[in-house]
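Visitor: coordinates only, sequence not included:
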Ligand code: PLP
């Protein structure tokens, strides 16, 4: 390919990047990834990086699995495209739906496909509102979500999400969405114990339902573990209380499993990990390990049957159930199952990673080090005991740390002054050791920089 500088100039001239710090980009030039294998990325200059983020939390089975490329090629030759509208379908969509119904908890037996997690959450908004309208309650249409949540970038997904940046650009957001606080004990728990704080934050849902009226609230949506918000592990009391409130007040529960699904927590779904009983799960990312764009909503019998019995659901995407994406997802699920990757994560890899990751809490720059399965976060702090934040612009220290990680051959993401990881599920113990060594070196260098 062309020299890196020429590619960078073309990119700067013609490519608008999502979620990119353009000032930073202008200084450093864009990093061009040219290949990957296992957990390792290669850039156009030949540098190697251990990808501790699985791309965007999606390459669960690791890079370079030829079986997925073969499945895509086979399907492209046999039937590259057909739609699933107008009383039509095809074998990959049938097979994938049956497989997902088998894997999903309880009676989540019906899949509505989308091209991404954002589109799937848009589907969810229409699904739950339509469901209550069929039930004779069209006013039951408010959806409660959480501050600092990420549910995608479409108008629906961005409106559900609670990150301030998503709520201030491209406004107005869509109406009928109400946000409550997140269960982030480290940042917001003050003097409370994590357990008391988890209960208090869950009870905000009940207060919101009281204030809005249970006859107005259609659903509550949340990620089992808030991912893009900084891998916020909820206190142990949080999910049982949320479940009780949804059950008691007749509120549908949507678990956004886009990150937590397909093994990230050491279980098939984050809902399995926390014992959550959702009516709908949003899926994407790990469904195909990112090898093909596909997302969807897995819907319980009651909602799916009610909607089917009421006639047409006037909703769908050209790529709903795309045959190539379905074939790739099926092959990905076959590999996850046959190679017992999730069992291995649960029994061996996640405990090993947890031990190493949690030991980072001893570092002078780190307040808490948290991990759920294969998603971890560390909070960078100038003062551990008071859980203080860095006074300057939030994220400055995080950016500095991320820059050092890149220089040391490690991709870690920063969210404000938190550093987060979500490595491929196939990472080995030796690669975890490398990850921790490079993270420690980067933290040491960041600490030296702050002290200087
Ligand atoms: N929901 C969650 C929890 C996510 O983390 C994401 C993406 O990061 C989305 C939804 C949106 O998915 P997509 O980027 O495939 O539209």
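Guide: Alright, I've got the coordinates. As the structure is a computational prediction, the values presented were derived from the model and not from experiment.

Visitor: name the element residue 260 belongs to?
Guide: Remark: residue 260 resides in no helix or strand, with elements defined by DSSP states H and E.

Visitor: tell me the contacts of residue 237?
Guide: Going by C-beta atoms under 8 Å, 6 or more residues apart in numbering, residue 237 touches 195, 196, 198, 199, 202. Quick note: C-beta positions are derived from backbone N, CA and C, even for glycine.

Visitor: and the residues you listed, which are buried?
Guide: Among the contacts of residue 237, those classed as buried by 16 or more other C-beta atoms under 10 Å are 198, 199, 202.

Visitor: circling back to that earlier point, got the contacts of residue 237 as a markdown table, with secondary structure, distance to residue 378 and pLDDT columns?
Guide: Shown next, in a markdown table, are the contacts of residue 237 (DSSP: H, G, I helix; E, B strand; the rest coil; distance: C-beta to C-beta, whole Å; pLDDT from 0 to 100):
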| residue | secondary structure | distance to residue 378 | pLDDT |
| --- | --- | --- | --- |
| 195 | helix | 22 | 98 |
| 196 | helix | 24 | 98 |
| 198 | helix | 20 | 98 |
| 199 | helix | 25 | 98 |
| 202 | helix | 25 | 98 |
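
Visitor: how close does residue 265 get to the ligand?
Guide: 13 Å (C-beta to the nearest ligand atom, to the nearest Å).

Visitor: the strands in the stretch 101-250 of the chain, which residues?
Guide: Using DSSP state E, counting those that start in this stretch, the strands of the stretch 101-250 of the chain run over 108-114, 142-146, 177-180, 217-222.

Visitor: Can you give me the distance of the nearest residue to residue 196 once chain neighbours are set aside to the ligand?
Guide: Computed as C-beta to C-beta, 6 or more residues apart in numbering, the closest residue to residue 196 that is not its neighbour in sequence is residue 237, at 7.7 Å. Using C-beta to the nearest ligand atom, we find residue 237 at a distance of 22 Å from the ligand.

Visitor: quick one, phi psi at residue 237?
Guide: For residue 237, the backbone dihedrals (degrees, to the nearest 10) come out as phi -80, psi -10.

Visitor: Quick one: list the elements packing against the longest helix anywhere in the chain.
Guide: Using DSSP state H, we find that the single longest helix of the chain is helix 429-451. With contacts defined as 3 or more C-beta pairs under 8 Å, 6 or more residues apart in numbering; DSSP states H and E, the packing partners of helix 429-451 are strand 48-51, helix 350-358, helix 396-407, strand 410-411, strand 418-421.

Visitor: follow-up on the earlier one: could the buried ones among the contacts of residue 237 be laid out in CSV, adding distance to residue 82?
Guide: CSV is the format used below for the buried ones among the contacts of residue 237 (distance: C-beta to C-beta, whole Å):
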residue, distance to residue 82
198, 47
199, 50
202, 45
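
Visitor: Could you give the residue of this structure that lies closest to the ligand?
Guide: Going by C-beta to the nearest ligand atom, the ligand is nearest to residue 117 of the chain, at 2.4 Å.

Visitor: Could I get the contacting residues of that residue?
Guide: Contacts of residue 117 (C-beta under 8 Å, 6+ apart): 151, 152, 157, 256, 258, 282, 283, 284, 285, 295.

Visitor: same thing but at 10 Å, please
Guide: Neighbouring residues of residue 117 by C-beta atoms under 10 Å, 6 or more residues apart in numbering: 58, 150-154, 157, 256-259, 261, 282-285, 287, 293-297.

Visitor: ok so residue 46 is a strand residue?
Guide: No: according to DSSP: H, G, I helix; E, B strand; the rest coil, residue 46 belongs to no strand; its state is coil.

Visitor: Go ahead and confirm it touches residue 32.
Guide: No: taking contacts as C-beta atoms under 10 Å, residue 46 lies outside contact range of residue 32: 11.3 Å.

Visitor: From the neighbour counts alone, determine which of these two ranks first.
Guide: Per other C-beta atoms under 10 Å, whichever of residue 46 and residue 32 has more neighbours is residue 32, with 14 against 8.

Visitor: and that one, backbone torsions?
Guide: Note on residue 32: its backbone torsions stand at phi -110, psi 110 [degrees, to the nearest 10].

Visitor: My understanding was that it contacts residue 8; is that so?
Guide: Yes: the pair residue 32 / residue 8 is scored as a contact, 7.2 Å apart, by C-beta under 10 Å.

Visitor: Kindly point out which residues are neighbours of both of those two.
Guide: Going by C-beta under 10 Å, 6+ apart, residues that sit against residue 32 and also against residue 8 are 2, 44.

Visitor: next structured bit after the worst-scoring helix or strand of the chain on mean pLDDT?
Guide: Taking mean pLDDT, DSSP states H and E as the measure, the chain has helix 22-28 as its least confident helix or strand, at a mean of 84. As assigned by DSSP H and E, the chain's next helix or strand after helix 22-28 is strand 33-37.

Visitor: Work out the gap between that next one and the centre of the chain.
Guide: In terms of C-alpha atoms, centre = their mean, to the nearest Å, the centre of strand 33-37 is found 22 Å from the chain centre.

Visitor: What lies in contact with the helix or strand just after it?
Guide: Sequence order places strand 40-43 as the next helix or strand after strand 33-37, per DSSP H and E. With C-beta under 10 Å, 6+ apart as the test, strand 40-43 has contacts from 4, 31-36, 47-51, 53, 55, 59, 62-64, 406, 409, 411, 424, 431, 434.

Visitor: Filter those residues down to the buried ones and hand me the PyMOL line.
Guide: Command for PyMOL, covering only those of the contacts of strand 40-43 found buried under the criterion 16+ other C-beta under 10 Å:
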select buried, resi 4+31+36+49+50+51+53+55+59+62+63+406+409+411+424+431+434
